[in-house]
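1. below are the sequence and a predicted model for it; my questions follow.
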Amino acid sequence: MVNDRADFAHVASALAERGLAAANIEYRTAAESPYPGAVQDVKAAIRWMRANAKLYGISPDAIGTSHTQHHGCSSSAGAVFTV
């Protein structure tokens, strides 16, 4: 797994302080699961956010993604699927 959630807890905290909900996810690398494994993981996280939006008081229509480079691998796959 990459994108260890603990590594980005400070980002989620900063967003929350500004009134934005944030979720840090982990996803499988190509070595762990060939394409489209990571894409499936990101899409599952987005579906979970939408399904649980009411519980957390967020709009299911206002969910976006952000990414970072982690060991040379881009985690931007979710940006394609959030529209």
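-> Perfect, thanks for sending it. Predicted model only: the values in this text are computed from it and were never measured.

2. what number of residues lie near residue 33?
-> 14 (other C-beta atoms under 10 Å). Placement of C-beta: from N, CA and C, glycine included.

3. give me the pLDDT for the residue nearest to the spatial centre of the chain.
-> Central residue of the chain (C-alpha atoms, centre = their mean): residue 25, 4.6 Å from the mean position. At residue 25, the pLDDT value in this model is 81.

4. test my guess that it contacts residue 43.
-> No. Using C-beta atoms under 8 Å as the test, residue 25 is too far from residue 43 to be in contact (10.6 Å).

5. follow-up on the earlier one: grab the nearest non-local neighbour of the residue nearest to the centre of the chain.
-> Spatial nearest neighbour of residue 25, chain neighbours left out: residue 45 (4.2 Å); criterion: C-beta to C-beta, 6 or more residues apart in numbering.

6. again, but for residue 63
-> Per C-beta to C-beta, 6+ apart, closest to residue 63 is residue 49, 5.1 Å.

7. wait, a strand at that neighbour?
-> No. With DSSP: H, G, I helix; E, B strand; the rest coil as the criterion, residue 49 is helix rather than part of a strand.
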